[in-house]
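[1] Following is a predicted model, sequence given first.
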Amino acid sequence: MAVVEEKKVGVWDKLAAVDRRWIYLISFLMIGGPLLFPLNLPIGVSPETAAIFRYIEQMPKGSIIALSMDFGSPLSENYPQARSVFAHALKIGMKVIIMGMWGQGATTTSVIMIDEMKAYAQKLGITAITEALGKYGERYVHLGLIPQSGTGVMQMAQVGVYPLLFPKDNYGNALETLPFNKAGKPITQFKASDIDLLVCFAAGTPGIEVYREYWWATGICKNLAIGAVGVSVAGYYPQMDAKIIIGIIPSTKGALEYDQLAGLVGGSGQSFATMDSQSLQHVFIIILLVVGNAGTIVATRRKRAT
Amino acid sequence: MSVEFASAIGLSLVVLCAYSFLYKENPFYRIMESIYVGSGVGWGLATSLFRFNQTLDPLYKNPGVYWWYTVAIFLGFFWYTYWSKKYFFLYRIPLSYGIGLSIGTSLYGVVYSTFIAQVTATFKGMGATPLETLNNILIAVGTFTAVLFFYFSREHTGALGYASKIGRYFILIFLGSAFGNTIMGRTALVITMTTELLKYPQWTMIPLVIGLFVVIELVKKIGYLREFSPTIAQAFDVPAKSEAQD
């Protein structure tokens, strides 16, 4: 007669065998719950985001800020950052150039950003932004996609934006017809050196490293800042330490931080409720990490004992 | 039905179909996946052609001055000789031009900005405050020991062993920070989509889709789908009758 050894099933075994779909469900509830019933947890402002804000605030009116929309699918992170900086720049009288090395971010997303900014400014009655948005080609210009990324960026530094790089803007307007200028210098004569600050909203490569190598290293434009996706934020701190970049807007949290600094909460499209969801989700992940590691320790000890 | 209403419903269905993969592999997800890939490729192609046409604008306007564009276009076509055994050698012309241009233009910038500038910033010396000095020491020690961790030409014993172990802890702290930030990024994607789904009329699709999956599971359980259409049953992974009986 065969001896059937009954294996004792403990709590840890049950947890190890839990259907992952329960985790997805709890995760969804952690995210959806605060969106329906906000907790309004406080959000601090990181010094990296504040550094960009302070830099833009001290720039003279009419300075040129270029937004490089270098992202495709991670709309959730880079897009709010770009919206926030765009709103702030228009509010305080800066001139904005929108371009990018990634097709989606530089073209379609930028068009959506401009449209949504109009709706946001009208809804909240921020006349400075509404007026600026009404002056396309004067206060802001959407150049679109930089062809061949690195080569295009280099060409912008050495030859200029016109006529080879951007004979027309993203809407098909000939660049020479736009009144956009810097102290009387028309956009057709613009070079990278005319840009007072470049904020790169980068999801990956090509991204800030292209501007760093072609503009910063050669001294053509020393003022770079980045809106980074979460996965790459940690890698940019050494660059800020080396004074290559002025500051970092980290993921969606950075966008909301920037909104708070600029007094434009909602400008990025992010709300405090979304950060509540983030906080709860992180708490849930921490619990999973603790339980998972505890389970591994128990399993290892049990294995050693047998 | 307005365009906005229809697009909101469409968006909702697209997102829910994509998320249905979390439940299990299913035909709705596969349809969504194909639509996503197809629309992405189509959009990319359209954008590229638009941009290509726009770049050629100076040539259209002033062919006498910008005639040399045609040389570039001609050389560009050599990329396609990659697929010809006979003319493969022509493929090397644009390739060597591209590599040469990239290396030549970026060499200085890469070495200076990613190496020299950041190495210089690693060893800062004394700070303005004791805390800043401590921070500077931590950065220097962290960088030095983390690099030692990747020194493989000697066994990691003795002083080198201790140093590389400290370096490993610094690397782990970095990875922890990167992990936390990654969670934030991934969660942000879900939050954006959930925010959209919870709006009206998008949310109306949530019970509909969940109900659909419940019905499919029930139909699968009673084996009706298998008899109704073997093809559809196969798509939904309904086991064959013999397997089901086993």
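    Sure thing, it's come through.
[2] where along the chain do the helices fall?
    Using chain A here. A:11-16, A:20-36, A:47-57, A:75-91, A:103-104, A:110-124, A:127-133, A:149-158, A:208-211, A:230-241, A:251-262, A:272-305 (DSSP state H).
[3] oops, I was thinking of chain B
    B:3-19, B:27-55, B:57-61, B:69-77, B:88-111, B:117-122, B:130-149, B:158-197, B:205-222, B:224-228, B:230-235, B:241-245.
[4] Quick one: residues contacting residue 66.
    Using chain A here. The neighbours of A:Ala66, taking CB atoms under 8 Å, 6 or more residues apart in numbering or on different chains as the test, are A:Val96, A:Ile97, A:Ile98, A:Met99, A:Ile195, A:Leu197, A:Leu198, A:Val199. In this view, the C-beta of every residue, glycine as well, is placed from N, C-alpha and C.
[5] I was thinking of chain B, sorry if that wasn't clear
    B:Pro58, B:Leu59.
[6] In chain B, what helix or strand scores lowest on average pLDDT?
    helix B:241-245 (a mean of 55; mean pLDDT, DSSP states H and E).
[7] Residue 81: how many residues sit nearby?
    Picked chain A for this. 32 (other CB atoms under 10 Å in any protein chain shown).
[8] meant chain B actually
    Around B:Thr81 there are 17 residues (other CB under 10 Å).
[9] and the contacts of A:Ala66 as JSON lines, adding pLDDT, neighbour count and distance to A:Leu124?
    Supplementary listing: the contacts of A:Ala66 in JSON lines, determined by pLDDT from 0 to 100; neighbours: other CB atoms under 10 Å in any protein chain shown; distance: CB to CB, whole Å:
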{"residue": "A:Val96", "pLDDT": "97", "neighbour count": "21", "distance to A:Leu124": "19"}
{"residue": "A:Ile97", "pLDDT": "97", "neighbour count": "22", "distance to A:Leu124": "25"}
{"residue": "A:Ile98", "pLDDT": "97", "neighbour count": "26", "distance to A:Leu124": "21"}
{"residue": "A:Met99", "pLDDT": "96", "neighbour count": "28", "distance to A:Leu124": "27"}
{"residue": "A:Ile195", "pLDDT": "96", "neighbour count": "24", "distance to A:Leu124": "29"}
{"residue": "A:Leu197", "pLDDT": "97", "neighbour count": "22", "distance to A:Leu124": "25"}
{"residue": "A:Leu198", "pLDDT": "97", "neighbour count": "26", "distance to A:Leu124": "28"}
{"residue": "A:Val199", "pLDDT": "97", "neighbour count": "29", "distance to A:Leu124": "23"}
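[10] So the residue positioned nearest the centre of chain B versus chain A, what's the distance?
    With distances taken as CA atoms, centre = their mean, B:Arg186 lies nearest the centre of chain B, 11.6 Å away. With distances taken as CB to the nearest CB, to the nearest Å, B:Arg186 is found 8 Å from chain A.
[11] again, but for B:Leu59
    Counting by CB to the nearest CB, the gap from B:Leu59 to chain A is 10 Å.
[12] got the contact list for that residue?
    Per CB under 8 Å, 6+ apart, neighbours of B:Leu59: B:Tyr66, B:Trp67, B:Tyr69, B:Thr70.
[13] Name the surrounding residues that touch stretch A:167-181.
    A:95, A:97-98, A:106-107, A:110-111, A:137-138, A:140-145, A:161-163, A:166, A:186-188, B:54-55, B:57-58, B:61.
[14] redo that, cut-off 6 Å
    Taking contacts as CB atoms under 6 Å, 6 or more residues apart in numbering or on different chains, the residues outside stretch A:167-181 that touch it are A:137-138, A:141-144, A:162, A:166, A:187-188, B:54, B:57-58.
[15] What of stretch A:200-220?
    A:68-71, A:74, A:78, A:81-82, A:101, A:149-150, A:153-154, A:157, A:192-193, A:198, A:221, A:224, A:226-227, A:229, A:244, B:106, B:109-110, B:112-113.
[16] ok, now with 7 Å
    A:67-72, A:74, A:78, A:81-82, A:101, A:149-150, A:153-154, A:157, A:192-193, A:198, A:221-222, A:224, A:226-229, A:244-245, B:106, B:108-110, B:112-113 (CB atoms under 7 Å, 6 or more residues apart in numbering or on different chains).
[17] Chain A contacts on chain B?
    B:22-23, B:44, B:47, B:51, B:54-55, B:57-58, B:101-102, B:105-106, B:108-110, B:112-113, B:117-118, B:121, B:174, B:177-178, B:181-185, B:187-192, B:194-195, B:198 (CB under 7 Å from any CB of the partner chain).
[18] Weed out the non-buried ones from those.
    By neighbour count, with 16 or more other CB atoms under 10 Å in any protein chain shown, the residues of chain B next to chain A hold B:47, B:51, B:54-55, B:57, B:105-106, B:109, B:112-113, B:117-118, B:121, B:178, B:181-185, B:187-192, B:194-195 as buried.
[19] picking that back up, what residues does the nearest residue to the residue nearest to the centre of chain B once chain neighbours are set aside make contact with?
    Ranked by CB to CB, 6 or more residues apart in numbering or on different chains and with sequence neighbours excluded, the top spatial neighbour of B:Arg186 is A:Gly230, at 7.5 Å. When contacts are counted by CB under 7 Å, 6+ apart, A:Gly230 touches A:Glu77, A:Pro250, A:Ser251, B:Asn181, B:Thr182, B:Met184, B:Gly185.
[20] just these now: which is nearest A:Lys303?
    Among those, B:Thr182 lies closest to A:Lys303 (CB to CB), at 30.5 Å.
[21] Isn't the closest one up against A:Ser232?
    No - if you go by CB atoms under 7 Å, B:Thr182 and A:Ser232 don't touch, sitting 9.0 Å apart.
[22] And chain B, split by domain according to the record?
    B:71-121, B:123-199 (automatic domain parsing).
[23] ranking those by burial, who's on top?
    domain B:123-199 (a mean of 15; mean count of other CB atoms under 10 Å in any protein chain shown).
[24] Straight-line length of that one, end to end?
    52 Å (CA to CA, to the nearest Å).
[25] Let's test this: mean pLDDT of that domain, rounded?
    Domain B:123-199 shows an average pLDDT of 91 in the prediction.
[26] For it, what is the distance to the chain centroid?
    Its chain's C-alpha centre and that of domain B:123-199 lie 23 Å apart, by CA atoms, centre = their mean, to the nearest Å.
[27] Pull the number of nearby residues for B:Val15.
    If we define neighbours as other CB under 10 Å, then B:Val15 has 20 of them.
[28] Write a PyMOL command that selects only the buried members of the contacts of B:Leu59.
    PyMOL command restricting those to the buried ones, with burial defined by 16+ other CB under 10 Å:
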select buried, chain B and resi 66+69
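[29] could the contacts of B:Leu59 be laid out in CSV, adding pLDDT and distance to B:Ile210?
    Below are these laid out as CSV (pLDDT from 0 to 100; distance: CB to CB, whole Å):
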residue, pLDDT, distance to B:Ile210
B:Tyr66, 90, 59
B:Trp67, 92, 63
B:Tyr69, 89, 56
B:Thr70, 91, 59
